[in-house]
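Engineer: Fold the following and give me the result.
(one chain, ligands or ions: 1)
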Amino acid sequence: MDSVLITGGSGFVGLKLASLLKGNYSVYIACKTYDDSLLRFGEYVSLDIRDANEVRRIVTEIRPTAVVHAAALTNVNDCARYREKAFAINVTGTENVSRSAEEVNARVVYLSTDLVFDGKQSFYTEEDEPNPVCYYGVTKLHGEYIIASLNSNYCIARPGLIFGKSIGSSTCFAETMVDRLQKHQEIRLFNDEFRTPVYLDNVCASIGELLARNELQGIYHLCGSERISRYDFGLRLSQVMGYDYSCIVPSSLYDYPFVDSRPPDCSMSNRKAAACLNTRFMTIDEGLYNMMSKIKIGP
Ligand SMILES: NC(=O)c1ccc[n+]([C@@H]2O[C@H](COP(=O)([O-])OP(=O)(O)OC[C@H]3O[C@@H](n4cnc5c(N)ncnc54)[C@H](OP(=O)(O)O)[C@@H]3O)[C@@H](O)[C@H]2O)c1
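Structural biologist: Predicted coordinates for the structure are as follows:
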């Protein structure tokens, strides 16, 4: 059986991906923090990707057929506040993973982000020039360049904003919305920040395909087809899941004192991925219905 090492395997995406790949691959879940629940989906590997020697030791020992590199410092504000840490994890860490994977001829699928774009246009394609305006985006783009220059067999997947039911401790913005709606707490959502949200299960299925199909190389945008503001997404979620949306308050990106710039429109086009992959990207409503069924009856 082929083996896959998932860095960031305990994260929101990594753990769901592990649960999907289990059965078809020997799955190795690499992260810093141990949790019993990880063992349901693979073998736990304690790894800090900032340590080049450790990364090499582990990758050489496992000799995975493929590596999904999902580990990152993902909090946009933290990346701006703690730049050295963000660089060490997102750039140096990526270089460590990339070099070691190449040494064992492993295929690499690197998870980048829609925030590599400057947010000045809509529906960015894989051909559009990245120009990140936040430090998180800068580090993730640097990671893309590293993978593209050091790896001979790779894909760069750029997911849009991901929503879905998490299966571990790391959750997503939509789950925070559900939590606040259930408690009737006010939620302020931007009506001038646009993304193309994508359902978690679709992202993971797409990554699974990218992993398995060596003929697919280069960059793929994994996102939904609908461009939507966070505010309208919140309203849609409330409507689909039957919550009272009177506590959702519209606000503007420009009223909020961010520690870093926030690109206003990082919507992407999924045309290339939709044409190559068998995974069908659900509409936002389909994804929300699916997520709701998992909240009610469990994953
Ligand atoms: N979620 C989204 O909407 C979204 C959208 C676009 C792109 N992405 C990209 O998709 C990937 C996964 O995102 P996510 O939402 O699943 O992130 P997440 O839930 O924040 O998980 C991050 C993972 O990285 C690991 N990690 C952090 N620092 C590490 C280090 N020094 N060494 C080893 N592991 C480390 C964490 O493990 P520990 O907790 O053990 O440190 C955790 O498993 C990221 O690369 C992100 O940039 C996510």
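Engineer: Going by C-alpha atoms from here, please, whenever you check contacts or count neighbours.
Structural biologist: Will do.
Engineer: Go through stretch 92-100 and flag the buried ones.
Structural biologist: The neighbour-count check on stretch 92-100 (16 or more other Cα atoms under 10 Å) flags 92-100 as buried.
Engineer: Residues of the stretch 151-299 of the chain that sit close to the ligand?
Structural biologist: 159-162, 170 (Cα under 6 Å from any ligand atom).
Engineer: residues touching residue 25, list them.
Structural biologist: 1-4 (Cα atoms under 8 Å, 6 or more residues apart in numbering).
Engineer: before we move on, what about residue 21?
Structural biologist: Each residue near residue 21 by Cα under 8 Å, 6+ apart is listed here: 27, 208.
Engineer: do residue 121 as well
Structural biologist: Applying Cα under 8 Å, 6+ apart to residue 121 gives the contacts 265-267.
Engineer: now the most far-flung residue of the chain relative to its centre: how far from the ligand?
Structural biologist: Relative to the centre of the chain, the most outlying C-alpha is that of residue 246, 30.1 Å out, by Cα atoms, centre = their mean. As judged by Cα to the nearest ligand atom, to the nearest Å, residue 246 and the ligand stand 25 Å apart.
Engineer: Please confirm that that residue is located within a strand.
Structural biologist: No. According to DSSP: H, G, I helix; E, B strand; the rest coil, residue 246 belongs to no strand; its state is helix.
Engineer: Can you convert the residues of the stretch 151-299 of the chain next to the ligand into TSV and add a column each for neighbour count, distance to residue 203 and secondary structure?
Structural biologist: Shown next, in TSV, are those (neighbours: other Cα atoms under 10 Å; distance: Cα to Cα, whole Å; DSSP: H, G, I helix; E, B strand; the rest coil):
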residue	neighbour count	distance to residue 203	secondary structure
159	27	7	strand
160	25	9	coil
161	23	10	coil
162	22	8	strand
170	12	16	coil
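Engineer: Any idea which of those the model trusts least?
Structural biologist: Within these, the minimum per-residue pLDDT falls on residue 170 (94).
Engineer: if I read this right, it contacts residue 14, doesn't it?
Structural biologist: No. The criterion here is Cα atoms under 8 Å, and residue 170 misses it with residue 14 at 9.8 Å.
Engineer: What are the boundaries of the strands in the stretch 101-250 of the chain?
Structural biologist: Using DSSP state E, counting those that start in this stretch, the strands found in the stretch 101-250 of the chain span residues 107-111, 154-159, 162-163, 187-190, 194-195, 198-199, 218-222, 228-229, 248-251.
Engineer: Appreciated, that's everything.
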